[in-house]
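Colleague: missing the sequence, but the structure's below:
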């Protein structure tokens, strides 16, 4: 019997779910509706230029109405295994970040696999980051204090975008917030993992999603580290990071190792491991104390990083 955090014992009754072609198509048809703009925030829906030759990008921006002068900013990238989700997926959390920290939050919508396999998503996110930097003055943002982050696939894209920003010699994010990031396609080939406590995102879903994103069977040689950042060998010169993951998350091992490798390269990295927590626990059981504390840890890390 798998061991779950005391706040998450009901997870024992969550059945396995497979994200495949049919379920993903249905999920993408049922897009969440925008929440009414809170009175204390200015919410803008923008369309910005995509990468050269690619479609434009949709972005939703939240800014405290009471903000005076340039604020720090946080570019948030939604999860969904690279195959589902949109800029509205995490609206409650984005609103909370903007309100709690007094910062501008931008949620970006990127092209999804399998219709648009790698490197489409990371190119879209990188274009969105560069747009925020280039248009910081008109958006009331301090360009030196723009963090990047995301959950699951979004966390993987945040890590990949940071690598791409460094490699292209452009401006770097000030901070990386990586929430149980999806960063290593080779996890699908492992046979030594104890998956009895895994919930929500299973090995079968992971194999399908990575195959859709890469355009071929995952785990092969030659996969780009912009698709799977854990394949990178040089992490020097990257901005500080925060990584959070649960022990019952399929991504636990790859995320802990990524944190270790950042530290080995001299990159400050705070690692938060939640005992007995599964993938997406903070979304599925958002009202539980352990989930609220997990979000508060993210907000605290951003507050320190962005000043």
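Modeller: All right, it came through fine. From a predicted model like this one, the values you see are computed outputs, not experimental measurements.

Colleague: ok, which stretches of the protein are helices?
Modeller: 21-29, 91-101, 120-134, 136-139, 153-167, 203-214, 252-264, 281-284, 289-306 (DSSP state H).

Colleague: which elements pack onto the fourth one?
Modeller: With contacts defined as 3 or more CB pairs under 8 Å, 6 or more residues apart in numbering; DSSP states H and E, the packing partners of helix 136-139 are strand 141-151. Heads up, the C-betas are built off the backbone N, CA and C, glycines and all.

Colleague: just the helices of the chain: most buried one?
Modeller: Mean neighbour count (mean count of other CB atoms under 10 Å) peaks for helix 153-167 among the helices of the chain, with a mean of 26.

Colleague: please name every helix or strand in contact with it.
Modeller: strand 71-77, helix 120-134, strand 141-151, strand 176-179.

Colleague: ok and it relative to helix 252-264, angle-wise?
Modeller: Here helix 153-167 runs at an angle of 30 degrees relative to helix 252-264 (axes from the mean of the first three to the mean of the last three CA atoms, to 10 degrees).

Colleague: before we move on, back to that, I'd like to know which of the helices and strands packed on helix 153-167 is closest to residue 294.
Modeller: strand 176-179 (8.4 Å; CB to CB).

Colleague: what is that closest one packed up against?
Modeller: Applying 3+ CB pairs under 8 Å, 6+ apart, one finds that strand 176-179 contacts strand 141-151, helix 153-167, strand 241-248, helix 289-306.

Colleague: can you list contacts of that strand?
Modeller: Counting contacts by CB atoms under 8 Å, 6 or more residues apart in numbering, the residues outside strand 176-179 that touch it are 74, 147-152, 154-156, 158-159, 162, 238-245, 255, 258, 298, 301-302.

Colleague: if we use 6 Å, what do you get?
Modeller: Residues from elsewhere that reach strand 176-179 (CB atoms under 6 Å, 6 or more residues apart in numbering): 148-149, 151, 155, 158-159, 162, 239, 241-244, 298.

Colleague: picking up where we left off before, could you dump the helices of the chain to JSON lines with mean pLDDT and distance to residue 42?
Modeller: Shown next, in JSON lines, are the helices of the chain (pLDDT from 0 to 100; distance: least, CB to CB, whole Å):
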{"stretch": "helix 21-29", "mean pLDDT": "72", "distance to residue 42": "29"}
{"stretch": "helix 91-101", "mean pLDDT": "97", "distance to residue 42": "10"}
{"stretch": "helix 120-134", "mean pLDDT": "99", "distance to residue 42": "16"}
{"stretch": "helix 136-139", "mean pLDDT": "97", "distance to residue 42": "10"}
{"stretch": "helix 153-167", "mean pLDDT": "99", "distance to residue 42": "23"}
{"stretch": "helix 203-214", "mean pLDDT": "96", "distance to residue 42": "34"}
{"stretch": "helix 252-264", "mean pLDDT": "99", "distance to residue 42": "34"}
{"stretch": "helix 281-284", "mean pLDDT": "96", "distance to residue 42": "26"}
{"stretch": "helix 289-306", "mean pLDDT": "99", "distance to residue 42": "19"}
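
Colleague: leaving out chain neighbours, which residue sits closest to residue 275?
Modeller: Excluding the flanking residues, the one nearest residue 275 by CB to CB, 6 or more residues apart in numbering is residue 247, at 5.3 Å.

Colleague: tally of neighbours for the one you found?
Modeller: Residue 247 has 19 neighbouring residues, counting by other CB atoms under 10 Å.

Colleague: that older thread, residue 95: which of the helices and strands packed on helix 153-167 is closest?
Modeller: Comparing the helices and strands packed on helix 153-167 against residue 95 with CB to CB, the closest turns out to be strand 71-77 (10.9 Å).

Colleague: what packs against that closest one?
Modeller: strand 104-108, strand 141-151, helix 153-167 (3 or more CB pairs under 6 Å, 6 or more residues apart in numbering; DSSP states H and E).

Colleague: that older thread, adding distance to residue 15, write the helices and strands packed on helix 153-167 out as CSV.
Modeller: Shown next, in CSV, are the helices and strands packed on helix 153-167 (distance: least, CB to CB, whole Å):
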stretch, distance to residue 15
strand 71-77, 28
helix 120-134, 29
strand 141-151, 22
strand 176-179, 24
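
Colleague: figure out which of these is closest to residue 222.
Modeller: Set against residue 222 and scored by CB to CB, those come closest in helix 120-134, at 16.8 Å.

Colleague: residues contacting the nearest residue in space to residue 114 that is not next to it in sequence?
Modeller: Distances taken as CB to CB, 6+ apart place residue 212 nearest to residue 114, at 3.9 Å, with adjacent residues excluded. Taking CB under 6 Å, 6+ apart as the criterion, residue 212 is in contact with 83, 113-114.

Colleague: again, 8 Å this time
Modeller: 82-83, 113-114, 117.

Colleague: which of the contacts of strand 176-179 sits closest to residue 264?
Modeller: Taking CB to CB as the measure, residue 264 sits nearest to residue 241 out of the contacts of strand 176-179, at 12.9 Å.
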